[in-house]
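**Student:** here are the coordinates; sequence isn't available:
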Ligand code: FRU
């Protein structure tokens with residue numbers, strides 16, 4: 001069994017050898033090597049903590065550890081020592097995804113232990129476990145582990161990703177799961193002490209159209225409704241929908257704790273329509289904001305940074321709100337304004353008759369643009385490389401589609417993603433561009449698109465295509481937090 005110190009040394013050594021070309025400037029990443037899902041998001045003793053699935057010995061997925069960062073403002077993050085290493089009987093082959101709670105001042109991580117029966121055949125079982133910390137840095141696995149050693153009798157071996165929260169005097173835990181015949185579902189447990197758990201039953205289950213396994217569930221109240229967020233595996237692509245290998249989306253409904261009855265009042269909706277957005281988790285901060293962070297990659301996609309000694313990042317933190325028609329809106333947290341360096345007001349009340357280039361070779365940018373669409377103008381913004389490369393964002397007024405085309409920005413195949421967005425008169429775009437990512441927030445979070453891009457050329461700036469009626473366009477160069 002490798003110790004925490006060995007894992008720590010391995011990642012530090014790898015950090016010294018990394019190629020920096022695609023390193024992100026203001027997103028959460030490990031110092032080096034592989035990461036995937038965000039875990040254990042929490043504001044604890046005033047500070048924000050984020051953990052993540054981490055393989056400190058390699059740039060590809062392997063035995064999962066929990067990496068750890070913290071921040072005072074959700075913008076400037078600091079690396080902390082690895083929080084969890086696998087190796088006990090109940091988590092021998094990995095500390096998989098999970099969540100964090102503040103249990104009377106004790107920071108408590110609840111995570112899945114992964115144990116292979118036969119690694120080659122990918123047969124395994126999964127358990128639920130706990131680790132605690134007094135200082136928010138050093139964690140001890142509790143003697144009661146595994147606190148849930150096996151799934152209910154009608155379950156498959158997929159039994160992972162505990163999300164725990166408190167309601168009145170009880171702790172609740174939901175888990176990603178599937179039935180014996182592989183129907184995706186979320187199941188619920190209850191406890192008074194986080195150690196002894198009672199199985200309550202199924203919270204929600206696929207009607208047959210929502211995949212074979214629901215990973216990384218989350219469940220919370222927003223505006224009087226209950227939102228079940230999860231990442232289903234195995235959904236079929238339908239036109240513009242479900243174009244990634246796996247999805248992250250939500251159901252809106254009503255929930256009664258006394259009967260464990262979740263009544264779904266809306267159909268499954270993807271939370272983001274970009275290429276790289278998965279395994280999203282949320283937490284409630286001290287300002288009562290429901291904040292979501294996702295993994296900014298997708299399983300089995302092209303990951304060129306593996307050649308550089310690292311792979312994987314988390315999205316910017318986004319505030320979730322529920323619109324009147326029960327759609328989840330996502331907007332970047334206000335604090336991200338503190339990343340802004342110089343401000344460049346580029347255009348105001350202008351109809352663009354020939355393509356207009358805003359020159360800048362900066363890689364870290366925020367762009368805010370407001371377009372007037374009263375005369376049904378087309379809108380097209382291109383992030384330009386000096387020769388061939390471009391990342392193109394188009395709004396098509398006729399089809400009401402927002403289209404992100406990354407096929408000329410390092411996504412060689414399958415470069416296009418589309419979101420439906422109903423705009424009457426005005427389109428507002430807020431874009432965060434980093435060395436190897438783009439996050440698009442359209443009309444105040446009504447549609448969002450998150451994708452990794454891997455430009456090879458020097459950047460030239462961004463271009464507004466002829467035909468647009470620009471009310472306002474401002475951009476900021478952003479600071480590198482690392
Ligand atoms: C989601 C996931 C989780 C699992 C973890 C393993 O991306 O597959 O279900 O806990 O990653 O790293």
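**Tutor:** All right, it came through fine. From a predicted model like this one, the values you see are computed outputs, not experimental measurements.
**Student:** need the strands for the stretch 151-300 of the chain, in chain order.
**Tutor:** Secondary structure of the stretch 151-300 of the chain by DSSP state E, counting those that start in this stretch: the strands cover 155-167, 170-179, 184-191, 198-205, 213-222, 225-233, 249-256, 261-264, 269-270, 278-284, 290-295.
**Student:** Give me the nearest residue to the most centrally placed residue in the chain, chain neighbours excluded.
**Tutor:** With the centre of the chain defined as its mean C-alpha position, the nearest residue by C-alpha atoms, centre = their mean is residue 294, 0.7 Å away. Distance criterion C-beta to C-beta, 6 or more residues apart in numbering; nearest residue to residue 294, sequence neighbours excluded, is residue 280 at 3.8 Å. All C-beta spots, glycine's among them, are computed from the backbone N, C-alpha and C.
**Student:** okay, now that neighbour: neighbour count?
**Tutor:** 27 (other C-beta atoms under 10 Å).
**Student:** who's in contact with it?
**Tutor:** Taking C-beta atoms under 8 Å, 6 or more residues apart in numbering, we find residue 280 in contact with 38, 216, 218, 229, 231, 248, 271, 292-295, 315.
**Student:** ok, now with 10 Å
**Tutor:** Applying C-beta atoms under 10 Å, 6 or more residues apart in numbering, we find residue 280 in contact with 37-38, 41, 216, 218, 229-231, 248-250, 271-272, 292-295, 314-315, 318, 320, 330.
**Student:** Residue 144 now?
**Tutor:** Residue 144 makes contact with 129-130, 193-196, according to C-beta under 10 Å, 6+ apart.
**Student:** Thought residue 249 was touching the residue nearest to the centre of the chain, still the case?
**Tutor:** No: using C-beta atoms under 10 Å, residue 294 is not in contact with residue 249, being 11.6 Å away.
**Student:** Now the common contact residues for the two.
**Tutor:** Common neighbours of residue 294 and residue 249 (criterion: C-beta under 10 Å, 6+ apart): 231, 271-272, 280.
**Student:** In a markdown table, list the residues you listed along with distance to residue 477 and pLDDT.
**Tutor:** As requested, the shared contacts of residue 294 and residue 249 are exported to a markdown table (distance: C-beta to C-beta, whole Å; pLDDT from 0 to 100):
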| residue | distance to residue 477 | pLDDT |
| --- | --- | --- |
| 231 | 34 | 98 |
| 271 | 29 | 98 |
| 272 | 25 | 98 |
| 280 | 28 | 98 |
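**Student:** looking at those residues, which has the most residues close by?
**Tutor:** In terms of neighbours by other C-beta under 10 Å, the shared contacts of residue 294 and residue 249 top out with residue 272 at 30 neighbours.
**Student:** Could you measure from that residue over to residue 279?
**Tutor:** Separation of residue 272 from residue 279 (C-beta to C-beta, to the nearest Å): 12 Å.
**Student:** Between those two, which contacts overlap?
**Tutor:** Contacts common to residue 272 and residue 279, judged by C-beta under 10 Å, 6+ apart, are 248, 294.
**Student:** Spit out the contact partners of the residue in the stretch 201-350 of the chain positioned nearest to the ligand.
**Tutor:** Nearest residue of the stretch 201-350 of the chain to the ligand, counting by C-beta to the nearest ligand atom: residue 215, 3.7 Å away. Under the criterion of C-beta under 10 Å, 6+ apart, the contact partners of residue 215 comprise 37, 96-97, 158, 160-161, 176-177, 184, 230-233, 246, 248, 278-279.
**Student:** For the helix or strand harbouring residue 320, buried residues please.
**Tutor:** Element membership of residue 320, judged by DSSP states H and E, is strand 318-322. For strand 318-322, the neighbour count (16 or more other C-beta atoms under 10 Å) marks 318-320, 322 as buried.
**Student:** Which elements pack onto that strand?
**Tutor:** Counting contacts by 3 or more C-beta pairs under 10 Å, 6 or more residues apart in numbering; DSSP states H and E, strand 318-322 packs against strand 213-222, strand 225-233, strand 278-284, strand 290-295, strand 328-332.
**Student:** Tell me which helix or strand comes right after the last one.
**Tutor:** Sequence-wise, the next helix or strand downstream of strand 328-332 (DSSP H and E) is strand 340-351.
**Student:** Would you mind pulling up the elements that that following strand packs against?
**Tutor:** Here strand 340-351 touches strand 356-359, strand 365-372, strand 459-464, strand 469-478, going by 3+ C-beta pairs under 10 Å, 6+ apart.
**Student:** Format those as CSV; extra columns: mean pLDDT.
**Tutor:** As requested, these are exported to CSV (pLDDT from 0 to 100):
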stretch, mean pLDDT
strand 356-359, 95
strand 365-372, 97
strand 459-464, 95
strand 469-478, 97
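**Student:** now these in TSV, with mean neighbour count and distance to the ligand?
**Tutor:** Listed next are the helices and strands packed on strand 340-351 as TSV, based on neighbours: other C-beta atoms under 10 Å; distance: least, C-beta to the nearest ligand atom, whole Å:
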stretch	mean neighbour count	distance to the ligand
strand 356-359	15	37
strand 365-372	20	28
strand 459-464	20	31
strand 469-478	19	28
